[in-house]
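J.: have a look; sequence and predicted model below, questions after that.
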Amino acid sequence: MTKKDMEKIISKYINNEASVSEIDGLSKWLDKKENLKIFKEYLTIHHTLNSDLIFDSLAAYENFSNKDTSTKKARKLFLTPIFKYAAAILIFVSAGYFFLTKDKPVKDNTPIIVNNKIKIGTDKATLTLSEGSSINLEKGKKYTTDNLNSNGEEIIYNSQPATSPKIAYNYLTIPRGGQFSVKLSDGTQIWLNSESQIKYPVAFIKGQTREVELIYGEAYFDVTSSTKHHGAKFKVAHNMQEVEVLGTEFNIKAYQDEVHVYTTLVEGKVGVSNGAETVVLKPKEQSIVGDSKDIETKNIDIYNEISWREGVFSFEGKSLKSIMKVLSRWYDMDVTFNNAELEDVRFIGVLGKEQKIEEILNTITDLGFINSYEINNKKIVLK
């Protein structure tokens, strides 16, 4: 294909009009490194001139999940082979800044790296048993007791009701740079993001409300239906709210360094209560609980909220400061800015959780959003 042909396909891709064959052609074209550079520049210029454009990433996710590939359009590109390249591309969408370097003096953007100890996150957690002992769980390490098994990536509890009226609780703590999942005795599956902690019963009492507590952090819940447990409801407690469900999938984000708790409903129905008000969420809705007595609700792009569970981080109009906060948890690092104005620069894009931090920072530097960066042990300075 000629350069002119590819420009037309890229334009159709940006506007969600590309066909399946055009998407495949674009993927093959991007196999050449020099073409990837052209692709980046085209996207950067486009978003700088059209800052109101935002990909419909939820539609992308749904289209990708649809098995009928004959009707898929470019919206599915969030998860197509193109993003083996574009996963590191963060597109500039903020008004007020123009970071293309055409009229700027050339600066030395060589990064300074001193004893880089920043590692990609992995499966790891600490399990605290009811009697108080703790076990470190990690990828490749098995752990087994009478009522649970762990393969180093998840814990699976035996599906038996409690035999004693006194419930025994376990705690699962995920450190920065970690992730883990747990399957409770009732079959409910919970995925935990970095820097999170949850408390749950080793076994539930038959017929009684099944209750767990998200102490802090982020967790995705796939709850087994109450009809399978003699009508027993399922509740997720937190010190700022309580979520009651009958059988559904939802995400709760309640980090200690954030002032709000975000509950996102994927499917089913949940009631969110802060003690003063209760709201019932519909799929694709998110509740926001804070200091106010009122609970805010809004429609959201589900994929951006739950993509972490699928191995990627999806950002839509997020500030560089917010993005770095998310990455800090996964890479277990600290980030500071030499220039406070950089904190508010906003991006749209997708990052793979298996990428090295240098790859991400090099992309942001290449696109001109920062001049350079410095890594010293587990600390990063953006310049």
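T.: Everything's here; your move.

J.: going by C-alpha atoms from here, please, whenever you check contacts or count neighbours.
T.: Fine.

J.: list the residues that contact the residue nearest to residue 239 when sequence neighbours are not counted.
T.: Leaving aside its sequence neighbours, residue 239 sits nearest to residue 215 (Cα to Cα, 6 or more residues apart in numbering; 7.5 Å). Taking Cα atoms under 8 Å, 6 or more residues apart in numbering as the criterion, residue 215 is in contact with 196, 197, 198, 199, 238, 239.

J.: repeat for residue 382
T.: For residue 382, the contact set (Cα under 8 Å, 6+ apart) comprises 335, 336, 337, 338, 339, 370, 371, 372, 373, 374.

J.: now swap in residue 276 and tell me
T.: 293, 294.

J.: distance of it from residue 265?
T.: Separation of residue 276 from residue 265 (Cα to Cα, to the nearest Å) stands at 21 Å.

J.: swap in residue 383?
T.: To residue 265, residue 383 is 38 Å away according to Cα to Cα.

J.: pick out whichever of those two has more residues nearby.
T.: Neighbours per residue (other Cα atoms under 10 Å) separate residue 383 from residue 265, with residue 265 holding more: 25 against 18.

J.: which secondary structure element is home to that one?
T.: strand 261-267 (DSSP states H and E).

J.: which residues does that strand contact?
T.: Applying Cα under 8 Å, 6+ apart, the external contacts of strand 261-267 come out as 240, 248-255, 281-290, 302, 305.

J.: the helix or strand following that strand pairs with which strands, and in what direction?
T.: Once strand 261-267 ends, the next helix or strand along the chain (criterion: DSSP H and E) is strand 270-273. With DSSP bridges as the test, strand 270-273 is paired with strand 241-245 (antiparallel), strand 278-281 (antiparallel).

J.: now for the ones you listed, which one comes closest to residue 121?
T.: strand 241-245 (28.9 Å; Cα to Cα).

J.: what mean pLDDT would you report for that closest one?
T.: What strand 241-245 shows for mean pLDDT is 96.

J.: stretch 309-326 now?
T.: Throughout stretch 309-326, pLDDT has a mean value of 88.

J.: got it, and stretch 255-273?
T.: Computed over stretch 255-273, the average pLDDT equals 96.

J.: name the helix or strand for residue 34, please.
T.: Following DSSP H and E, one finds residue 34 within helix 33-49.

J.: what about residue 173, which helix or strand?
T.: With DSSP H and E as the test, residue 173 turns up in strand 169-174.

J.: outside of that strand, which residues touch it?
T.: Here strand 169-174 makes contact (Cα under 8 Å, 6+ apart) with 124-130, 180, 192-202.

J.: and the buried ones among those residues, selectable in PyMOL?
T.: Applying 16 or more other Cα atoms under 10 Å to the contacts of strand 169-174 leaves a buried subset, and the PyMOL line that selects it is:
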select buried, resi 124+125+126+127+128+180+192+193+194+195+196+197+198+199+200+201+202
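
J.: of the contacts of strand 169-174, which belong to strands?
T.: Within the contacts of strand 169-174, residues falling in strands by DSSP state E are 124-128, 180, 192, 196-201.

J.: what number of residues lie near the closest residue to residue 304 other than its chain neighbours?
T.: Nearest residue to residue 304, sequence neighbours excluded (Cα to Cα, 6+ apart): residue 314, at 4.9 Å. Neighbour count for residue 314, taken as other Cα under 10 Å: 22.

J.: and for residue 354?
T.: Using other Cα under 10 Å, residue 354 has 12 other residues around it.

J.: so what's it up against?
T.: By Cα under 8 Å, 6+ apart, the contact set of residue 354 is 120, 121, 311.

J.: for residue 181, same thing?
T.: Going by Cα under 8 Å, 6+ apart, residue 181 touches 153, 154, 155, 189, 190, 191, 192.

J.: the fourth one is in contact with residue 183, isn't it?
T.: Which is residue 189. Yes. Residue 189 lies in contact with residue 183 (Cα atoms under 8 Å); the separation is 4.5 Å.

J.: now the phi/psi pair for residue 253, please.
T.: phi -120, psi 120 (degrees, to the nearest 10).

J.: tell me the predicted confidence for the closest residue to residue 129 other than its chain neighbours.
T.: For residue 129, ignoring the flanking residues on the chain, the nearest one in space by Cα to Cα, 6+ apart is residue 170 at 4.9 Å. Residue 170 carries a pLDDT value of 98.

J.: residue 170: neighbouring residues, count only.
T.: As a burial measure, residue 170 scores 18 neighbours (other Cα under 10 Å).

J.: same deal with residue 6?
T.: Neighbours of residue 6 using other Cα under 10 Å come to 17.

J.: can you confirm it is in a helix?
T.: Yes. Assessed with DSSP: H, G, I helix; E, B strand; the rest coil, residue 6 lies in a helix.

J.: which pair in the contacts of residue 382 spans the largest distance?
T.: The most widely separated members of these, counting by Cα to Cα, are 335 and 371 (15.3 Å).

J.: most centrally placed residue in the protein?
T.: The residue lying closest to the centre of the chain (Cα atoms, centre = their mean) is residue 308, at 2.7 Å.

J.: assign a three-state SS to it, would you?
T.: Quick answer, by three-state DSSP: residue 308 is helix.

J.: residues in contact with it?
T.: Residue 308 makes contacts with 193, 314, 353, as judged by Cα under 8 Å, 6+ apart.

J.: only the buried subset of the contacts of residue 354, as a PyMOL command please.
T.: For the buried members of those, the matching PyMOL selection, counting by 16+ other Cα under 10 Å, is:
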select buried, resi 120+121
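
J.: ok, the longest strand anywhere in the chain: who's next to it in the sheet?
T.: Ranked by residue count, the top strand of the chain under DSSP E comes out as strand 210-222. Strand 210-222 pairs in its sheet with strand 189-192 (antiparallel), strand 196-201 (antiparallel), strand 234-238 (parallel), strand 249-254 (antiparallel), by DSSP bridges.
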